[in-house]
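Colleague: quick one: sequence and predicted model below, then my questions.
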Amino acid sequence: MKIEVSRRKFLQGSVALTVLGGSTIAVPNLFSNEEEKAKPKLNTKTGTGEAEEIATLCEMCVNKCAAIARVENGRVTKLDPNPLFPKSKNMLCPRGNAGIQALYDPDRLKYPMIRNGEKGSGEFKRVTWDEAHAYITEKTLKILDEEKDNRSSFLFCAGEGMAEHTFRTFYSAFGSSNWLNHASICLMTVAAGFSTTLGSYPQADLDNAEYVIMAGANRAEAIVTPDTMDLFKRTQRRGAKLICVDPRFTNTAAKADKWLAIKPGTDLAFVLALTHVVLTEELYNKQYVEDHFNGFEEYSDLVISNKYTPEWAAEITGLRADDITEIAREFMAHAPRSIYYPGRRSTFAQNDFQLRRAMAIFQGLSGGIDTKGGLIFGDKIPIKGHAGLQPIYDRAQARASGKKDELVTGEEGYDDCAVSTPAGSWIGWRNRYLEDKMDYNVRGMFIYKHNPVLNMPNSAKTIEMLKKMELVVAIDTMPSDTVMYADVVLPEAHYLERTDPVKTFGGLEPSIAQRNKVVEPMYETKPVMEILKGLTSKLSKPMFEITKKYDEVVQEEVSERGEASVFAEFDISQPFQETQEALNEHAVHHYHGAAEILKEKGVYYPNMDKYFKQTSVNEYEYYPENKRAYQVNGGKPKTPSGKVECNPANLAKVGVDSMPMWKDEYNYEVPKGKFRLLTGRHAQFTQSGTSNNAMLRDLMIENYIWINKRVAAKRGIEFGDMIEVSSRVGKTELKAYPTEKIAPDQVFFIHGFGEESEELTWAYKNGGNDNAVIEDVIEPVYGAAAMHETNVEIRKV
Amino acid sequence: MARYGMALDYKNCINCKACEVACKEENGILLGADAHRIWVGTGEIEGQYPLLDLTSNTFYPSQCQHCDDAPCEEVCPTHATYYDDNGVVRVDPDKCILCSYCMNACPYDARYVDDRTVTVDKCNFCTDTRLERGEVTTACQATCPTKVRIFGDLDDPESEISQVLRTRESRTLKSHLGTNPKLFYLL
């Protein structure tokens, strides 16, 4: 196929070209509305007659932008931005607009189902909710009885979402110690690095910054609100100078004043060299360092004595030394309106935690902390929490970590790594479970809105784990690859069909926002709150009976004060008795009128009626300038000491370098003939969650592998050729996109494609799955998955 | 009676295509990679890695330019393409015979065949949806994350588009063809 580049048909960031791929139509079964499934998707033109408009929040990604749903004859015909929300500032991205197609996706999970064939065969039988609950109850009781009420014999895992909180309430009440969520395959090390150094994971005031280094963050494609909107209105000589540091040429690079094509995993050397320049040329804010730094002398000595010069870094990073020097000088010249953007992404390299620490310290040297135009902590409007239940089960064991004497920090299988967190290391936990290296049996798992088969490095191992579990209960909206390995499937209502827990959003312009139900749940789907109400009302009493059987403390309590009084503390159905609407009213009841305003307008903050005003056809003001939370901590970091922590003692205690430093093992190397695999985000897709969306697929039909043009030519690879990508852990196939946007020794493709679930009409075997190929490399400090450490081979097939 | 136009602060564009999706949802555009009213154009990057020309990758949001002298209107044998009272170049599906003269005449590649209405369709500034409901923005404008688009009445000196065009430099596409487009790219 010839590439046609015209106004209508053109190459773009990740290639959406012209030909609609022949989509495989899955074998009809109870997943689908057969009559709808084979048809091309239709969307409805909005009408001009009567319509209802309901304020809600988007869930097509994690940003939670405010939307107004237009409902005509009970059907959602349009999603528009809700201008009232300071976080999303009157916008909806392509995914937000395509929420309608997710709601009306014919492949949605519709009924409770129980597996009716081999695990992973995709054979299920439709059951009633009661039958599903009864099945789960029977299996759960059996396991708990055999494990003598060790509640930790169940694993709970969840993807990010507003109702994750509700699911977590279930986990707490259930009494397990094994919780895994997206953190260790997401932003764990960046959040931790900044928190260790500055006491908090800060936001960036991109609306007022004059100089921005965006390294390893791609805000033009990995949209974060309000950062994306704030930044790109001011780039290209309109107030904010943007330095983009990224191994590949992204849409962010296209908007930058300078793009530095850095070698993957070497950003730390870049930051150390910037630091070297500002230390040796004494460009840093001396007063700020004197007032708000701990360990400055030691860090300064380390950077200078190790000769982390721009010339040294040039060798490692592939950048030019004079570019590094110039950027360091310019950054400090614009301080405190300079931002080394913290980013919000998965861990790419083993040294990510130290990279984030070095970035935070470098930012601190400019004094641009808790101040306008710099990094900010912002303010938050407090709301009341949902009272959960945390019974104490004497028999519940602590989190399933490995047998410590057999494990060495940082080695594969060592879950807790250097620092143990409640979110845990997903791949560490999984690998240890597969290697039978746990202190007790874990036999069941509950999954909420999470697709670990696609989302975590080494898909084959995740599948093995799901197969090994005796009971897998999946709550989801779509028949994802993970759902295919479930024993019981509980269909969740789509985000436009449910009211979720009200949430407070901190920042420069804090507010509270609420996802309101737009339409009634379709089929037999239910919101998580109701799913758990039904399930726990069945589970609660018999589970308590098992506790009574094995738990001596409970036995004593029962004999002392009677069963009813003890059960009251163990009745895990309690947190799910009220409706979400009632809980939300309670959460904001101390703000007069807030509950009503949230239902009607979706957004509330004190004085909204006074402050909120339209300033142009497109723009709104949320707070007057003097009410914005530019500074909330006197310009100090939020650490307990109130200082930037360069050299905290507690890190050394757990075997982690107490100061960021370079090690030879961090050097970037790719064996001849191989390629470093990079993965990433895209403005039109959210991980694997949107891969079956017909509207988004219309923008980009499938993912393509970026291969350097000259390399491709040498290997006889042309656009659209099928390429097999393979590593030590697996392989995947997808089409080629030769381009100069990538280095000759690297390849890239977007995450979230290549699903194997036959029940996904559009996503099934569409494009390549990066996690089939990415090796399970564990970052040593927090156990995060390091996703850019895999070298691959490519082959035209 | 108005004379509608649009100013595009195209340097804001990040090529996210929210506009394209909003347009499709609002106007019920059939899915299919070729069949849509608006798009974001960009050229292929120039140079060799890592020495690339950043500006070669500029994003140009594009669509029907709503020419005051529209070649597509001129060539239409059945007068299916016409100017409405607000200067919007419209298509009457009852008169369109799919002869595709307009597709060839349009220098902006803005026209395409819509299988649903069996018309050579194009952008109509959401006239029969949003504007008819009394809204003052098009779907693409309202949804845009970086606020590229300003839609409004060019005849009203007080309108924001008129003010922006008075105070900022702009250019139109292929002006030398004498089409007099009403889409203005702000510099």
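Modeller: Looks like it arrived, so ask away.
Colleague: ranges for the helices of the stretch 401-550 of chain A?
Modeller: Taking DSSP state H, counting those that start in this stretch to define them, one finds helices in the stretch 401-550 of chain A at A:426-434, A:452-455, A:459-468, A:528-550.
Colleague: likewise chain B?
Modeller: B:18-27, B:71-75, B:101-105, B:139-143, B:160-167 (DSSP state H).
Colleague: dump those into CSV; add distance to chain A as well.
Modeller: Where you see a C-beta, it was placed from the backbone N, CA and C, and this is true even at glycine. Formatted as CSV, the helices of chain B follow (distance: least, Cβ to the nearest Cβ, whole Å):
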stretch, distance to chain A
helix B:18-27, 4
helix B:71-75, 15
helix B:101-105, 11
helix B:139-143, 5
helix B:160-167, 5
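Colleague: in a markdown table: the ones you listed, plus mean pLDDT and mean neighbour count.
Modeller: Shown next, in a markdown table, are the helices of chain B (pLDDT from 0 to 100; neighbours: other Cβ atoms under 10 Å in any protein chain shown):
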| stretch | mean pLDDT | mean neighbour count |
| --- | --- | --- |
| helix B:18-27 | 96 | 28 |
| helix B:71-75 | 97 | 18 |
| helix B:101-105 | 95 | 18 |
| helix B:139-143 | 98 | 27 |
| helix B:160-167 | 98 | 16 |
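Colleague: between the helices of the stretch 401-550 of chain A, which gets nearest to A:Glu758?
Modeller: Proximity to A:Glu758 (Cβ to Cβ) singles out helix A:452-455 among the helices of the stretch 401-550 of chain A, at 13.8 Å.
Colleague: average pLDDT for the closest one, rounded please.
Modeller: Mean pLDDT, helix A:452-455: 96.
Colleague: tell me what it is packed against?
Modeller: On a contact count with 3 or more Cβ pairs under 8 Å, 6 or more residues apart in numbering or on different chains; DSSP states H and E, helix A:452-455 meets helix A:459-468.
Colleague: now the helices of chain B in TSV, with distance to A:Phe353?
Modeller: Shown next, in TSV, are those (distance: least, Cβ to Cβ, whole Å):
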stretch	distance to A:Phe353
helix B:18-27	34
helix B:71-75	59
helix B:101-105	56
helix B:139-143	37
helix B:160-167	47
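Colleague: tell me where the stretch 201-350 of chain A has strands.
Modeller: Counting by DSSP state E, counting those that start in this stretch, residue ranges of the strands within the stretch 201-350 of chain A are A:203-204, A:211-215, A:241-245, A:258-260, A:293-294, A:338-340.
Colleague: for those, which one sits closest to B:Tyr4?
Modeller: Of all the strands of the stretch 201-350 of chain A, strand A:241-245 comes closest under Cβ to Cβ, at 33.9 Å.
Colleague: that closest one vs strand A:211-215, what angle?
Modeller: 10 degrees (axes from the mean of the first three to the mean of the last three Cα atoms, to 10 degrees).
Colleague: near chain B, anything from strand A:241-245?
Modeller: No. Using Cβ under 8 Å from any Cβ of the partner chain, strand A:241-245 never reaches chain B; the gap is at least 9.1 Å.
Colleague: next one: that strand to chain centre, how far?
Modeller: 24 Å (Cα atoms, centre = their mean, to the nearest Å).
Colleague: who does that strand pair up with?
Modeller: Partners of strand A:241-245 in the sheet, by DSSP bridges, are strand A:211-215 (parallel), strand A:258-260 (parallel).
Colleague: got those as CSV, with mean pLDDT and mean neighbour count columns?
Modeller: Output for these, formatted as CSV (pLDDT from 0 to 100; neighbours: other Cβ under 10 Å):
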stretch, mean pLDDT, mean neighbour count
strand A:211-215, 98, 25
strand A:258-260, 97, 20
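Colleague: could the ones you listed go into TSV alongside distance to A:Leu79?
Modeller: Output for the strands paired with strand A:241-245, formatted as TSV (distance: least, Cβ to Cβ, whole Å):
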stretch	distance to A:Leu79
strand A:211-215	29
strand A:258-260	34
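Colleague: of all the ones you listed, which one is nearest A:Tyr523?
Modeller: Comparing these against A:Tyr523 with Cβ to Cβ, the closest turns out to be strand A:211-215 (43.1 Å).
Colleague: the strands of the stretch 201-350 of chain A: which one's closest to A:Pro527?
Modeller: Closest to A:Pro527 of the strands of the stretch 201-350 of chain A, according to Cβ to Cβ: strand A:203-204, at 30.2 Å.
Colleague: can you list contacts of the closest one?
Modeller: A:212, A:227, A:339, A:341-342, A:374-378, A:506-508 (Cβ atoms under 8 Å, 6 or more residues apart in numbering or on different chains).
Colleague: in the stretch 651-797 of chain A, what residue comes closest to chain B?
Modeller: A:Ala683 (3.9 Å; Cβ to the nearest Cβ).
Colleague: what residues are up against that residue?
Modeller: A:Ala683 touches A:13, A:93-95, A:220-223, A:251, B:14-17, counting by Cβ under 8 Å, 6+ apart.
Colleague: same thing with B:Asn12?
Modeller: A:Phe232, A:Lys233, B:Cys144, B:Thr146, B:Lys147, B:Val148.
Colleague: ok so, going back, and the helices of the stretch 401-550 of chain A as a markdown table, adding mean neighbour count and distance to B:Gly32?
Modeller: Formatted as a markdown table, the helices of the stretch 401-550 of chain A follow (neighbours: other Cβ atoms under 10 Å in any protein chain shown; distance: least, Cβ to Cβ, whole Å):
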| stretch | mean neighbour count | distance to B:Gly32 |
| --- | --- | --- |
| helix A:426-434 | 24 | 39 |
| helix A:452-455 | 26 | 27 |
| helix A:459-468 | 19 | 32 |
| helix A:528-550 | 20 | 36 |
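Colleague: out of these, nearest to B:Pro181?
Modeller: Taking these one by one with Cβ to Cβ, helix A:452-455 is closest: 45.0 Å.
Colleague: just the CA atoms of that closest one, as CSV, please.
Modeller: Extracted in CSV, the C-alpha atoms of helix A:452-455 (Å, rounded to 0.1, in the frame of the first residue of the first chain):
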residue,chain,number,x,y,z
PRO,A,452,-3.8,-7.2,34.2
VAL,A,453,-3.4,-9.6,31.2
LEU,A,454,-2.9,-6.6,28.9
ASN,A,455,-1.7,-4.1,31.4
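Colleague: can you map out the strands along chain B?
Modeller: Secondary structure of chain B, counting by DSSP state E: strands at B:4-8, B:39-42, B:46-48, B:51-53, B:59-62, B:81-83, B:89-91, B:112-114, B:119-121, B:149-153, B:170-171, B:183-186.
Colleague: on the three-state scheme, A:Ala191 is what?
Modeller: The three-state label given to A:Ala191 by DSSP: H, G, I helix; E, B strand; the rest coil is helix.
Colleague: dump the residue contacts of the residue nearest to it when sequence neighbours are not counted.
Modeller: Using Cβ to Cβ, 6 or more residues apart in numbering or on different chains and skipping the chain neighbours, the partner closest in space to A:Ala191 is A:Tyr201 (4.3 Å). Neighbouring residues of A:Tyr201 by Cβ under 8 Å, 6+ apart: A:Leu187, A:Val190, A:Ala191, A:Phe194, A:Ser195, A:Pro342.
Colleague: on that earlier part again, and of the contacts of B:Asn12, the nearest to A:Lys258?
Modeller: Nearest member of the contacts of B:Asn12 to A:Lys258, counting by Cβ to Cβ, is A:Phe232, at 15.8 Å.
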